[in-house]
Structure formats: C-alpha cells, structure tokens
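Peer 1: sequence unavailable; structure follows:
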C-alpha cells in the first residue's frame, strides 16, 4: 500500500479501573490504504472494538486512555488531537457504524432529521436543503420511497432498513474512512448479504476505506483485502486475505478456521465442530510470554518465557508466534 | 399494537382518551384555563364594585358577597387568573433550574453529579414556609416573589427525575452513535437525550402546576400572598374570621381550589398512563 490513509503505530489503550489496569490494546500497528478494506478479526474482548474506538477517540472516559502510540490520519495525529478537532473529524472525515441498528438510531427523531442533523453540523446546510440531501442519501443506500421514509421513526423500519439508514448517516458527509463495528452481526443472513453488497458498491463509487471489525471470517473473506487477527490486545497475524485463508500460521488463526463448519464436508451426527479450548486470558493478569500459551495446542518451553514479536513470513504475511520466527 | 403509520402525538392522544377520568380532568383543566384567560369578561362585577356586605348567595350575587361587599363569584373568577399565572410561571421557573441541573448531573455523572446532587438535597431540606416568609419579608409579597419561592422549592424533584433518565439514557447506543458523528456534549444533551427524557418531565410538570397552585393558596392563606392580586388563598384568608357568619366566603374558593387541583392531577395521571413507555402495548 503506497497510498496510506490511516496509520496506527504502537497503539496502547488501557483502562484504569480502581487500582487495576486493563491493557485492552497492547502495541497495535495497522495501516489502511485509500479505498482498501481491512478486516479486524478477533473474539469478544480481544481489543478490536477498543482499537476502533481509539481511532475516533471514543474510549469510555475517564477510565480509558491512549497511553502510547500514534494514529496518523491525513497528516493529523488523532491520538493527541484536541477534542474540537476530533469533533470535526467524527462523522465528517471518519464515520462509524455500529452493531445494533435497532438501538443506534435515536428513537424519538425522524429518520430524515437524523441524517439532516449531521449534514447541518458538518456542512452547515440550511434545514430545508439538509432534508432534501437526506432524501437523496436514503435513495443512495437503496431505500425505496425515500420521501415517505424521511418522515418515519426508527421503530417503523425493519432491521435491514435501519442499518441502511445508519450507513446513509455515516456516509452523508462524504468521509474518507468508515469504521464498521460488526455491521451485520445483528441481521438475518439474507439481509447481511444485502448490506455487505451495499457497502461494497458504495465503496466502489466513493473510494472510501473501510475498517471492518468482525468475528465472522466469512464476512472478512467476502469484503476485505487484508486481515489482522487480534488476540488479547495484540495483532497475532496480519496478511492479505488469500494467504491467510490458504495458510493460517498462528495456532489461534488455525483454531478459528477449524471452528467454521465446512460446506464441502458432509455433516455427520457425531461430528463435533472443533473449538478452541479455554478462555481469553484475563487482561488484568496476563501471563509472561505468549498470551495464547494456555490455549495453544503447540505450546512449548519458549512460549512461557518470552513474548514472540510480530515477524514477517513472506512479503505480505506477519505472525506473532515462536513457531514461525527464524 | 398501535398502527405504525400514526404520528406519535396522535398515539399519545389515543391512549389518553381511553381513560374517562383523564378526559374529565382535561375538561376541568381546559375550563380552568378558559376562565383564567377570559376572567375580566366573565366576572359579573369588578373588584371595586362594592355592594352590601355578607350577602348570602342569591339572585343578585350568585355566590354571595364578602365582608367588604364585593362579589364572591367575581373574585373567584379573577383569582383563577392568579392561580394560572402562579402555577405556570412557578413550574417554568422550577423546570428551567431543574432541567439544567438534572441534565448536567445525569450526563456528566461522577463528581459533577455528586456535587450537584448534594446542592439539590440542600434545597430539598429547606423548610417551605420558612423560606417563603423570609423572601416575602425581604422583598415584599408580590406574586413574582411567590413564583420565585415556589420555583426554588420545587426544582429538586425535576432535577432528580431528569438526572435518573439521563443516567440510563446516556449509556444507550444511539448516544454513542451520535457522538461518533461529531456532536458536542451540548448537542447530545439537548438534541439527542432530552427529547427521550421528556415524558416523565411532562407528567411531573402537570402535577407540579397543581402543587404550585396549592402552595400559592397556602401562602396567601397565611397572609403572605400578594395583596394586589385577587387569589383563592387570599379569599380563604379573608374568610377565616367570618366562618360562622358567611360560610360562602370560604366554601366556594375552597371548592374551586379542590376541583382545579383534582382536574390537574387527573390530567397528569392520564398523561402518565399515555406517555409511560412501560405501560405501552
């Protein structure tokens, strides 16, 4: 990627609760090119959402804090930018859509108003023009009869339609980057496919970059060019989609792949889907060495002593595992 | 389930009118407001039209005359206006303070909340009549001072109510989503959260109006009222000495006070049922 839009360097985001420190993100490096889709994969508590929230500086205050690292977006370091500057960037240069379209819309405001208010905020359009613009945006995200829909309230719309509205709001100001935090997890499979297709076609038209956060490897395979797998606040594997699916290197990634039901093997009644044993380690109390050691089927002496670095294996593939270091 | 294509305001009305007592209350409240607005046109006599004193209810003076010989019905009608003004203005004052404090405390939480809530509690423990007497003694007894006193005494309830709503609403996902769109704290409080917190505030305000009217009457009854403005409390105050002689002087203003507060409370109850999301089907 020669044309980088966002570059995260050595990001550490910690939460300070009582006397404890939860190191949710521990040294993440990521970059997203213009027009690229990067998949960020991991299970709950792996730090993928906190990474996304760090970009927009929406970490829960006052407990959460970016303690180290830079997040450079179009020449600005978001990790140290002022709150006012962040407000100009949020929803305008970088937008975010959330997992639950049911609860992400304000229940007492009309759909049109919710799109119009962000356009008024960032573009300074007068109310009437903003509403016309809102109608156009609804048409753009594939909502039929937009002139009628703008006068409706969120509870009058289906889940898929609400997610379309969320996308319309997110894209209303023409941002350069979209952070999609589990955008389809709460939707039916058929609606999921429609929403993903919509995101792809909008990306083709606008050249927007997408950071796609998900735990669904299927969604990643369909949408992303590159994938970063997160575990316990670190990136454990980082590769282009093709190499990751062809040859997952980290035992955690292998485990994730193995736990997906396969269409090319007939299911038998006694076949049990492999799962990764154990639980995500407590981020208050990480073991010395590799964070995955207690769940890893290939654990050995060194894993318990030293933490492996993220090291390149080939040109587009990095992995944080002693098995693949020199 | 209410049909989906109906406007929310209309849905509220549809639920409101299901209850007969609520409709009865609303009719009473509407009558009260109408009488207050058109008071000078409706009153058969002016305040300065003195006739014979202590006339019992009869053809000339439907509800009799008082110790000074002025018409009880006319005074009651003019007193309606005072009650409405005091009720509305006191509630506006109380809500202006209460909503600001409650929103800030509930939205920011933590230390801000702690400090504001302690201040609120200080106002809650103020003895009502003591404060009223001090204000009237210092600034004189105009209805604006009474409005001020009632506002100062009642805002803590509004503040606590709104704070509770904000505490739960600020954690909702749509607030995070709006923040992610670049909205400031002020936008989030006023545009995103407040509209969601309004139903209990509206219900509370409708109940507060009757509370304010009663409080004004109590103060006036104790002689702390505005002598310039005719009010039900002042009429009751004047009637004290003549209970045995002229029962009508006390009975009719008392009845007006009773029915007005009843009507306003029934309206508030009805609004509560219509607006309370937990009772919706």
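Peer 2: Arrived safely. In this text, all values refer to a predicted model and were calculated from it rather than measured experimentally.
Peer 1: neighbours around residue A:7, how many?
Peer 2: 16 (other Cβ atoms under 10 Å in any protein chain shown). Where C-beta positions appear, they are placed from N, C-alpha and C, glycine not excepted.
Peer 1: doesn't it belong to a helix?
Peer 2: No - going by DSSP: H, G, I helix; E, B strand; the rest coil, the assignment for residue A:7 is strand, not a helix.
Peer 1: so what's it up against?
Peer 2: Contact partners of residue A:7, counting by Cβ atoms under 8 Å, 6 or more residues apart in numbering or on different chains, are A:30, A:31, A:32, A:70, A:71, A:72, A:73.
Peer 1: tell me the spacing between the fourth one and residue A:62.
Peer 2: According to Cβ to Cβ, to the nearest Å, residue A:70 and residue A:62 sit 22 Å apart.
Peer 1: the more surrounded of those two?
Peer 2: The residue with more neighbours, out of residue A:70 and residue A:62, is residue A:70; 14 against 9, by other Cβ under 10 Å.
Peer 1: coming back round to it: the contacts of residue A:7, buried ones only, as a ChimeraX selection?
Peer 2: A single ChimeraX command selects the buried members of the contacts of residue A:7 (16 or more other Cβ atoms under 10 Å in any protein chain shown):
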select /A:30,32,71,72,73
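Peer 1: farthest-separated two in the contacts of residue A:7?
Peer 2: A:32 and A:70 (14.3 Å; Cβ to Cβ).
Peer 1: residue 121: how many residues sit nearby?
Peer 2: Chain wasn't specified; assuming chain A. Count around residue A:121 with other Cβ under 10 Å applied: 24.
Peer 1: hmm, no, I was thinking of chain B.
Peer 2: For residue B:121, the neighbour count with other Cβ under 10 Å is 11.
Peer 1: let's have the contacts of residue A:7 in CSV, adding secondary structure.
Peer 2: Formatted as CSV, the contacts of residue A:7 follow (three-state DSSP):
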residue, secondary structure
A:30, strand
A:31, strand
A:32, strand
A:70, strand
A:71, strand
A:72, strand
A:73, strand
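Peer 1: list just the nearest of the contacts of residue A:7 to residue B:46.
Peer 2: Closest approach between these and residue B:46, by Cβ to Cβ: residue A:73, at 74.2 Å.
Peer 1: pLDDT score assigned to the closest one?
Peer 2: The model reports residue A:73 with a pLDDT of 95.
Peer 1: my guess is it meets residue A:94, correct?
Peer 2: Yes - Residue A:73 is within contact range of residue A:94, at 6.8 Å (criterion: Cβ atoms under 8 Å).
Peer 1: list residues touching both of the two?
Peer 2: Shared contacts of residue A:73 and residue A:94, counting by Cβ under 8 Å, 6+ apart, come down to A:55, A:177.
Peer 1: is the one helix or strand residue A:68 maps to up against chain B anywhere?
Peer 2: Element membership of residue A:68, judged by DSSP states H and E, is strand A:64-73. No - judged by Cβ under 8 Å from any Cβ of the partner chain, strand A:64-73 stays clear of chain B, getting no closer than 13.1 Å.
Peer 1: ok so residue B:60 is a helix residue?
Peer 2: No - per three-state DSSP, residue B:60 lies outside any helix segment and is coil.
Peer 1: that one: neighbouring residues, count only.
Peer 2: Other residues near residue B:60 number 13, with proximity taken as other Cβ under 10 Å.
Peer 1: equivalent analysis for residue A:148, please.
Peer 2: Around residue A:148 there are 12 residues (other Cβ under 10 Å).
Peer 1: what's the nearest residue to residue A:77 once chain neighbours are set aside in contact with, if anything?
Peer 2: Residue nearest to residue A:77 in three dimensions, not counting chain neighbours: residue A:70, with 5.1 Å by Cβ to Cβ, 6 or more residues apart in numbering or on different chains. By Cβ under 8 Å, 6+ apart, the contact set of residue A:70 is A:7, A:8, A:9, A:10, A:11, A:77, A:79, A:80.
Peer 1: now the closest residue to chain A within the stretch 151-281 of chain B. Nearest residue, chain neighbours left out?
Peer 2: Using Cβ to the nearest Cβ, the closest approach of the stretch 151-281 of chain B to chain A is made by residue B:181 at 3.3 Å. Closest residue to residue B:181 apart from its sequence neighbours, by Cβ to Cβ, 6+ apart: residue A:91 at 3.3 Å.
Peer 1: can you tell me which residues contact that neighbour?
Peer 2: Here residue A:91 is in contact with A:118, A:121, A:122, A:169, A:170, A:173, A:175, B:180, B:181, B:182, B:183 (Cβ under 8 Å, 6+ apart).
Peer 1: I figured residue A:6 hits residue A:71, correct?
Peer 2: Yes - applying Cβ under 8 Å, one finds residue A:6 in contact with residue A:71, separated by 7.1 Å.
Peer 1: shared neighbours of those two, anything?
Peer 2: Common contact partners of residue A:6 and residue A:71 (Cβ under 8 Å, 6+ apart): residue A:55.
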